[in-house]
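Student: Fold the stuff below for me.
(2 chains)
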Number of protein chains: 2
Amino acid sequence: MNKINIKYLAKELNLSISTVSRALSDSYEISAETKAKVFALARQLNYQPNPNASGLRGQKTKTIAIVIPEIVNDFFSLVISGIEKITQEKGYYMLVYITHEDHSMEVSFINSLVKGRVDGILLSRSSEQDDYSHLLELNDKGIPLVFFDRVCETMDNVKVTTDNYESSVTATQHLLAAGCRKIAYLQAPRNISIGQLRMNGYLDALKDSPGKQPPLVLECTNDHDENSMRIKKMLATEKPDGIFASIEKLAVICYSVCEQLKLRIPEDVKIISFSNLQTASLLNPSLTTITQPAFDIGVTAARELFKRIEKKSTGGTAEHVVLKSLLVKRKSTSTR
Amino acid sequence: MNKINIKYLAKELNLSISTVSRALSDSYEISAETKAKVFALARQLNYQPNPNASGLRGQKTKTIAIVIPEIVNDFFSLVISGIEKITQEKGYYMLVYITHEDHSMEVSFINSLVKGRVDGILLSRSSEQDDYSHLLELNDKGIPLVFFDRVCETMDNVKVTTDNYESSVTATQHLLAAGCRKIAYLQAPRNISIGQLRMNGYLDALKDSPGKQPPLVLECTNDHDENSMRIKKMLATEKPDGIFASIEKLAVICYSVCEQLKLRIPEDVKIISFSNLQTASLLNPSLTTITQPAFDIGVTAARELFKRIEKKSTGGTAEHVVLKSLLVKRKSTSTR
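Tutor: Numbering: from 1, shown residues only, chains lettered A, B, ... in the order given. As a prediction, the model looks like this:
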């Protein structure tokens, strides 16, 4: 039986009960130092808040949901790491749901949360479908919702993304500076907003290039073998000397296809990709990446969500937090 | 305050706590006679079940918890994918908790679940600490627990792992067959059971080798830079011609260190590793791996858990499901 209650913590710390209570609920009235002391002892003694003491916690579920399109992906696992850092600090639980890029799964999961299973939701959309009534219902019900990475542009909720457009301009300019005369863009499947922004960056950078190089866009799918076939055909017929992969998966396919076609990277074709691959520097050759601040995206999105959970505000501030990605030059775009 | 709890009933009836718990939840495993006795005493003493003890309340939370040591790791993200396949089929929610290899975090999280937040738990242990009383309490409370990958050998709960010992023998024999005369073993940090099994496979394979090659074990830590330094020193002084990394992280460090020391893989040193790296075939050179059936481990562990959730059994069958890993030969151990 767990006998550790707020009274006990207060006595041990020589603080008043109300101070400990407010510290545990992360009140702004309590100093960071005092909170740290209270949390440390609470953790040490494995203090469990009494779920029936509604006066203390506003009947919270102490759970947030994270909705992502996939999980075997260094970007999303890094985002989860960042979110988890904050949920642990807050003493919250983390429900993880994978939509597999399927809009109907997103709708069905969100609908199941409307009844109050969680205190807030962090969402990276399955697709940019016009239908987002399921998300509007969360706002109606007062359940805080924060978007990250794949956002819903038309909703007012806070969005945390990277600078997709600017990074794409940078990536394309990097290939141009490396001497590429025919740069292909591998477009991610489905019309998600980040896809559009990334493609616009590529198109605008080409438009501004000295030779006004015409674009060469290859539309890809969610099917690995189909993408492999399309990229192979494109490389064989169009013979681009530069490839900009809008997502990591497509860059990885390029490596295999180039080996099959006996094309040398970077001599015959240079490759750059949006990627958080932990092993990018060990690939053959090492892959030049636009690296997104995935962990920080998770931390920032979670902090934004908790601001709203604690203030009981559902957002509506139309805030958009943009974290910068980084160009990491490696051998796949080298000129020597 | 109602002091009549399951423990009290068990003592009075001279039965185990789990028998009383299962009798009260009307489990098919308990005889009608025993159930009658338990119900009679419960009525007589006006026993009130704790509404938060999931084993007792029949009203399911429709949630399971997954406890893993880390998430930015293709093995664990593949396991989660497998688990998620089953939770989606069952219409269940998935709480994910990361222990960061810290035993006290595992204890604190498990303790927070004892009150009935979830219907069952899938656990890969943070470390092989002798202290597992927090896990025994789950059994007492009738909350199903299934181990995967990093198991607790001394507990009866179902375990799902790969054939760690046999795979290690295979890996070591593969290096021997490739002509390695001095094979170093990179030992994973902490004394987890899979670490011991893997090391025994290596040691036994060397013992049985024609030249009875003496072992060369390098103990690693959880710190990347420290490991990098130790591996560098070992490669420079001991000059092994083969390296067997017991975990992927250590193999990745070897690649960087070999580049720094201008050692060629596989000409100067051959490398094999337990690994689920999606990009193993694209590394420079491609990495020979012992690939674990991570997705299937997730699927199998989840199925075993749901068997117990649905039957209201807490396990205790001492079952151990072993799924075979696969040796995938690539250039890092090639003899040409």
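Student: So which bits of the stretch 1-150 of chain A are right by chain B?
Tutor: A:2, A:43, A:46, A:48, A:51, A:63, A:71-74, A:77-78, A:80-81, A:84, A:88, A:93-98, A:105, A:117 (C-beta under 8 Å from any C-beta of the partner chain). Any C-beta I mention is one placed from the backbone N, CA and C, and that applies to glycine too.
Student: Whichever of those residues end up buried, select them in PyMOL.
Tutor: Buried residues among the residues of the stretch 1-150 of chain A next to chain B (16 or more other C-beta atoms under 10 Å in any protein chain shown), as a PyMOL selection:
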select buried, chain A and resi 48+51+63+71+72+73+74+77+78+80+81+84+88+93+94+95+96+97+98+105+117
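Student: Quick check: strands, which of the residues of the stretch 1-150 of chain A next to chain B are part of them?
Tutor: A:Thr63, A:Tyr93, A:Met94, A:Leu95, A:Val96, A:Tyr97, A:Ile98 (DSSP state E).
Student: show me what contacts the residue lying closest to A:Lys331 once chain neighbours are set aside?
Tutor: Distances taken as C-beta to C-beta, 6 or more residues apart in numbering or on different chains place A:Pro285 nearest to A:Lys331, at 3.7 Å, with adjacent residues excluded. A:Pro285 sits next to A:Ile265, A:Pro266, A:Arg330, A:Lys331, A:Ser332, A:Ser334, B:Asn284 when contact means C-beta atoms under 8 Å, 6 or more residues apart in numbering or on different chains.
Student: so can I have a markdown table of these showing pLDDT?
Tutor: Converted to a markdown table, these look like this (pLDDT from 0 to 100):
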| residue | pLDDT |
| --- | --- |
| A:Ile265 | 97 |
| A:Pro266 | 97 |
| A:Arg330 | 97 |
| A:Lys331 | 97 |
| A:Ser332 | 97 |
| A:Ser334 | 96 |
| B:Asn284 | 92 |
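Student: who wins for most neighbours among the residues you listed?
Tutor: With neighbours taken as other C-beta atoms under 10 Å in any protein chain shown, the top of the contacts of A:Pro285 is A:Ser332, carrying 26 neighbours.
Student: Test my guess that it contacts A:Val269.
Tutor: No: A:Ser332 lies out of contact with A:Val269 (C-beta atoms under 8 Å); the separation is 9.1 Å.
Student: any idea how far the residue positioned nearest the centre of chain A lies from A:Leu113?
Tutor: For chain A, the residue nearest the mean C-alpha position is A:Asp149 (4.4 Å; C-alpha atoms, centre = their mean). Plainly put, A:Asp149 is 19 Å away from A:Leu113 if you go by C-beta to C-beta, to the nearest Å.
Student: Likewise for A:Asp208?
Tutor: From A:Asp208 over to A:Leu113 (counting by C-beta to C-beta), the distance is 45 Å.
Student: Then A:Asn284?
Tutor: A:Asn284 is 44 Å from A:Leu113, by C-beta to C-beta.
Student: before we move on, back to that, can you read off the pLDDT for the residue nearest to the centre of chain A?
Tutor: Looking at A:Asp149, its pLDDT is 93.
Student: so who does whichever residue of chain A sits closest to chain B touch?
Tutor: Per C-beta to the nearest C-beta, A:Asn284 is where chain A lies closest to chain B, at 3.4 Å. The contact partners of A:Asn284, by C-beta under 8 Å, 6+ apart, come to A:Tyr255, B:Leu282, B:Leu283, B:Asn284, B:Pro285, B:Ser286.
Student: Please produce a markdown table containing those residues, extended by distance to A:Ser21 and secondary structure.
Tutor: Listed next are the contacts of A:Asn284 as a markdown table, based on distance: C-beta to C-beta, whole Å; DSSP: H, G, I helix; E, B strand; the rest coil:
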| residue | distance to A:Ser21 | secondary structure |
| --- | --- | --- |
| A:Tyr255 | 56 | helix |
| B:Leu282 | 54 | helix |
| B:Leu283 | 54 | strand |
| B:Asn284 | 57 | coil |
| B:Pro285 | 60 | coil |
| B:Ser286 | 58 | coil |
